[in-house]
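Student: Return atomic coordinates for the entry below.
(chains A, B, C and D)
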2 protein chains.
Amino acid sequence: MKYIDKLRNSGLRPTKQRLQICKVLFDTEKTFHFTINELEHKIKEKIDNKISLATVYNTVHAFEKKGYLKQIPINSNQTYFDTNVTDHHHFYDLNDQRLIDLENSDVGPINIKKKINGKRIKSVEVLVKLED
Amino acid sequence: MKYIDKLRNSGLRPTKQRLQICKVLFDTEKTFHFTINELEHKIKEKIDNKISLATVYNTVHAFEKKGYLKQIPINSNQTYFDTNVTDHHHFYDLNDQRLIDLENSDVGPINIKKKINGKRIKSVEVLVKLED
DNA sequence: ATTGTTAGTTATAATTATTATAAACTAATT
DNA sequence: AATTAGTTTATAATAATTATAACTAACAAT
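Tutor: Take a look at the predicted model:
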């Protein structure tokens, strides 16, 4: 019942749908990237009942707000999310339209020298575009 | 007639619309960021005749393909472009939804240690998210 | 200059991801 | 058990982008 506690602790009611989506997102060996579309298909494969598309959107956004998911900054017609919420970066293969993780250690420290008054850095993300 | 040559040299016919869009995009002191929407308004202000929205899309994409514009990788409902096509990075102010240039010298060298077989690096872009 | 060909422009329709709405439902609280 | 506040759901609305097809302009060759 780890997801029940996880949700309760962040002020989200542990509904049947959210728990099922948790299983699809977080009961995996490896973290992964997805679009809402892809997640919907994965849910259909793994779950018997139907979950409304609106609920998938709502849940993904709720989880993102709570820090259980991260949006990946990339220009695509669809929004990409990542179940890996640790500080890391991405390759984006322009030919295959595929995202590949880049560990922090694969990039080395990034030192942002410029400061903006009254603002603090929330995240530093590197996108490395690849081509053949 | 610098834009006529520029377009001809890259295999694009120097049409009236493209030349006018060139003026709006490149006849400026500083480089800038824009969405198609914002560009449309800028064109309306500066140009007497009307340019169709489809043409604005077509032209921006043609210029991007030729390397005269760059897409900025960011998650937004609208696609952001940059007239600064040199290698550089961005702050994104989450509160004001504003993009700010980060010169390469403000970030320092980025060393990508991981290699992907058969692929070469086309670009390395850093997005620094800011909040209050 | 005129003509034929190709590329570009245009208005509009189609597409598609995402968000809004409002009713029905469910989990937590009294 | 009744109340409430939060969630889910189907569906409609929105909005950015792309496709279509008719028209027009640029260019090359005569």
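Student: can you give me the strands for chain A?
Tutor: A:33-35, A:70-72, A:80-82, A:89-93, A:98-102, A:120-131 (DSSP state E).
Student: Rebuild those strands as CSV, extending it with distance to DNA strand D and mean neighbour count.
Tutor: No exception for glycine: its C-beta is placed from N, CA and C like everyone else's. Putting those into CSV (distance: least, CB to the nearest atom of the strand, whole Å; neighbours: other CB atoms under 10 Å in any protein chain shown) gives the following:
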stretch, distance to DNA strand D, mean neighbour count
strand A:33-35, 15, 18
strand A:70-72, 16, 19
strand A:80-82, 15, 20
strand A:89-93, 16, 21
strand A:98-102, 19, 17
strand A:120-131, 17, 17
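Student: For DNA strand C, what's the nearest residue on chain A?
Tutor: Using CB to the nearest atom of the strand, A:Thr79 is the residue of chain A that sits closest to DNA strand C, at 3.2 Å.
Student: Can you give me the distance of that residue to A:Glu64?
Tutor: Remark: distance between A:Thr79 and A:Glu64 (CB to CB, to the nearest Å) = 10 Å.
Student: and those two? which has more neighbours close in?
Tutor: Neighbour count, other CB atoms under 10 Å in any protein chain shown: between A:Thr79 and A:Glu64, A:Thr79 has more, with 20 against 16.
Student: Next, the contact list for the spatially most central residue of chain A, please.
Tutor: The residue lying closest to the centre of chain A (CA atoms, centre = their mean) is A:Asp82, at 2.4 Å. Residues counted as contacts of A:Asp82 (CB atoms under 8 Å, 6 or more residues apart in numbering or on different chains) are A:Thr31, A:Phe32, A:His33, A:Leu69, A:Lys70, A:Gln71, A:Ile72.
Student: dump the residue contacts of the residue lying closest to it once chain neighbours are set aside.
Tutor: Nearest residue to A:Asp82, sequence neighbours excluded (CB to CB, 6 or more residues apart in numbering or on different chains): A:Lys70, at 4.7 Å. Residues counted as contacts of A:Lys70 (CB under 8 Å, 6+ apart) are A:Glu64, A:Phe81, A:Asp82, A:Asn84, A:Val85.
Student: returning to that earlier point: in terms of pLDDT, where does the residue nearest to the centre of chain A sit?
Tutor: pLDDT, A:Asp82: 97.
Student: What's opposite it in the beta bridge?
Tutor: Judged by DSSP bridges, the bridge partners of A:Asp82 are A:His33, A:Lys70.
Student: State the distance from A:Asn77 to B:Val126.
Tutor: A:Asn77 is 23 Å from B:Val126, by CB to CB.
Student: Correction: the previous question concerned A:Glu131.
Tutor: In terms of CB to CB, A:Glu131 sits 19 Å off from B:Val126.
Student: Would you mind listing what in chain A touches DNA strand C?
Tutor: By CB under 7 Å from any atom of the strand, the residues of chain A that approach DNA strand C are A:8, A:13-16, A:35-37, A:53-54, A:57, A:61, A:77-79.
Student: Kindly state the domain boundaries assigned to chain A.
Tutor: Domain assignment for chain A by automatic domain parsing gives A:2-80, A:86-130.
Student: mean pLDDT for those domains: which is lowest?
Tutor: When those are compared on mean pLDDT, domain A:86-130 scores lowest, with a mean of 91.
Student: Many thanks, I have nothing further to ask.
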